[in-house]
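*Asks:* Provided below for reference: sequence and predicted model.
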Amino acid sequence: MTISKGPSRVVVIGTGYVGSSYAFSLINQNITDELVLIDLNKEKTEGDVMDLNHGVPFGAPTKVWAGTYEDCKEADIVVITAGANQQPGETRLDLIEKNAAIFKSIVDSVMGASFDGLFLIATNPVDVLSYAVWKYSGLPMERVIGSGTILDTARFRFMLSEYFELDVRNVHGYIMGEHGDTALPVWSQTRIGSEHIDRYMTKYKPEGTQQDLDNIFVNVRDAAYHIIERKGATHYAIAMGLARLTKTILRNEHSILTVSTLLQGEYGLHDLYIGVPAVVSRKGIERVVEIDLSETEEKQLRHSAEVLKQAMKPVFNVQ
Ligand SMILES: NC(=O)C1=CN([C@@H]2O[C@H](COP(=O)(O)OP(=O)(O)OC[C@H]3O[C@@H](n4cnc5c(N)ncnc54)[C@H](O)[C@@H]3O)[C@@H](O)[C@H]2O)C=CC1
Ligand SMILES: CC(=O)C(=O)O
């Protein structure tokens, strides 16, 4: 892999709600030197580039242009946010056939340009499509990363922070599994400050109940449906999550984030991409972090993996 010594370059493929919000986050946070936008809708891309460039004087110098697949040759990261999004009532897994079909041609075009960097995937169903990119690209698994449950984990921490009236940075916990209806909350490892959540609740919110916590998880799991019902798409939070992942990679931060990665025996699972905590650095996935799960959580994770494997079957021959 080329570790670029020159300017850092990110290419975004698919600049709809998610892709354009991500581009905006990158510029606002001064994360990359160069930003290339690619979309089937060339006119919209040109408009986005003009608009973003007019914001650059308020931020840090970033070169932004509407590009082609040739621009992937020099890219450190290619981010795929292209494809259909959920319509009200649709699940993420309902998108599999539509989006898998366009991914083959996108990945072939990127690899055809001698791309030698990392892929980040956000298009849904993200776990299945991350697996697809790993297969289609032939790149080592550490260089193909799905956004996984990064967003679900952020929602979880945010909603708990509201419940306990605390700074979200003091809420530590993970959502794991499918980025979808079978995601699971890892209550056994959730901490407020350094206290286990149950102990913190007993001491500081004695009126709180397990039912309150269960309701919070349901709201986390169903957040996308609630937002899509109201405004048709979700995009700001995932854009910020992708920006965080990009920063972690380009700055070699070695952060633990719940991303979708290939499991090869971790958690007793094999040959699928699914959301787990992993250390992310310039290399991509350094390692999966195997945290201790309760028996119930283990069961939930296995169920989530099984649902994903069933969903993958029409597209990939997995066991
Ligand atoms: N992983 C996550 O946490 C999240 C994932 N998503 C997913 O992100 C995806 C994108 O969502 P939105 O931006 O809301 O959709 P959108 O419809 O606004 O944008 C999709 C863009 O992809 C472009 N596109 C389609 N096929 C293409 C191709 N072959 N080459 C280049 N561009 C192509 C379209 O022209 C469009 O601009 C959806 O699958 C959605 O479900 C959305 C939010 C969170
Ligand atoms: C759309 C989606 O995947 C989300 O907001 O979680």
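*Replies:* Perfect, I can see it now. Ligands and ions are numbered 1, 2, ... in the order given.

*Asks:* got the residue ranges for the helices in this protein?
*Replies:* Taking DSSP state H to define them, one finds helices in the chain at 17-28, 42-55, 96-112, 126-137, 150-164, 197-204, 210-221, 223-231, 236-250, 295-312.

*Asks:* So what touches the longest one?
*Replies:* I take that to be helix 295-312. 93, 96, 125, 127-128, 131, 176-178, 180-184, 186-188, 263, 267-269, 272-274, 293, 318-319 (C-beta atoms under 8 Å, 6 or more residues apart in numbering). (Each C-beta comes from the backbone N, C-alpha and C, glycine too.)

*Asks:* related to what we said a few turns ago, mean pLDDT for the helices of the chain: which is lowest?
*Replies:* Lowest mean pLDDT of the helices of the chain: helix 96-112, a mean of 93.

*Asks:* That helix to helix 126-137, inter-axis angle?
*Replies:* 40 degrees (axes from the mean of the first three to the mean of the last three C-alpha atoms, to 10 degrees).

*Asks:* Most tightly packed of the helices of the chain?
*Replies:* The highest average neighbour count among the helices of the chain, using mean count of other C-beta atoms under 10 Å, belongs to helix 126-137 at a mean of 25.

*Asks:* and that helix, is it in reach of ligand 2?
*Replies:* No: interface with ligand 2: helix 126-137 contributes nothing (C-beta under 6 Å from any ligand atom), its closest point being 7.2 Å away.

*Asks:* can you list the residues of the chain near ligand 2?
*Replies:* Residues of the chain lying near ligand 2 (C-beta under 6 Å from any ligand atom): 86, 92, 124, 151, 224, 234.

*Asks:* In this protein, what residue lies closest to ligand 1?
*Replies:* Per C-beta to the nearest ligand atom, the residue of the chain with the smallest distance to ligand 1 is residue 16, at 1.8 Å.

*Asks:* one step back: mind checking which of the contacts of helix 295-312 are in strands?
*Replies:* 176, 184, 263, 272, 273, 274 (DSSP state E).

*Asks:* Can you lay out these as JSON lines showing pLDDT, neighbour count and distance to residue 215?
*Replies:* Formatted as JSON lines, the ones in strands among the contacts of helix 295-312 follow (pLDDT from 0 to 100; neighbours: other C-beta atoms under 10 Å; distance: C-beta to C-beta, whole Å):
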{"residue": "176", "pLDDT": "98", "neighbour count": "25", "distance to residue 215": "19"}
{"residue": "184", "pLDDT": "98", "neighbour count": "24", "distance to residue 215": "16"}
{"residue": "263", "pLDDT": "98", "neighbour count": "20", "distance to residue 215": "30"}
{"residue": "272", "pLDDT": "96", "neighbour count": "25", "distance to residue 215": "30"}
{"residue": "273", "pLDDT": "98", "neighbour count": "30", "distance to residue 215": "29"}
{"residue": "274", "pLDDT": "98", "neighbour count": "30", "distance to residue 215": "25"}
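
*Asks:* in these, which two residues are the furthest apart from each other?
*Replies:* 184 and 273 (16.1 Å; C-beta to C-beta).

*Asks:* And the pLDDT for residue 316?
*Replies:* Residue-level pLDDT assigned to residue 316 equals 76.

*Asks:* ok, it - contacts?
*Replies:* Contacts of residue 316 (C-beta under 8 Å, 6+ apart): 131, 132, 135.

*Asks:* try it again with 10 Å
*Replies:* Counting by C-beta atoms under 10 Å, 6 or more residues apart in numbering, residue 316 touches 100, 128, 131, 132, 135, 271, 272, 309.

*Asks:* Quick check: the gap between the residue lying closest to residue 21 once chain neighbours are set aside and ligand 2.
*Replies:* Of all residues not flanking residue 21 in the chain, residue 239 sits nearest, at 3.5 Å (C-beta to C-beta, 6 or more residues apart in numbering). Remark: distance between residue 239 and ligand 2 (C-beta to the nearest ligand atom, to the nearest Å) = 11 Å.

*Asks:* Tell me who's in contact with residue 239.
*Replies:* 17-26, 81, 122, 151.

*Asks:* coming back round to it: relative to residue 192, which of the residues of the chain next to ligand 2 is nearest.
*Replies:* Among these, and counting by C-beta to C-beta, the member closest to residue 192 is residue 151, at 20.9 Å.

*Asks:* May I ask you to confirm that that closest one is in contact with residue 260?
*Replies:* No: in terms of C-beta atoms under 10 Å, residue 151 does not count as a neighbour of residue 260; the distance is 11.2 Å.

*Asks:* where do the contact lists of those two overlap?
*Replies:* Contact criterion C-beta under 10 Å, 6+ apart; residues shared by residue 151 and residue 260: 122, 126, 179, 275.

*Asks:* and ligand 1, which of those contact it?
*Replies:* Restricting these to those touching ligand 1 (C-beta under 6 Å from any ligand atom) yields 122, 126, 179.

*Asks:* Among these, pick out the one closest to ligand 2, please.
*Replies:* residue 179 (6.1 Å).
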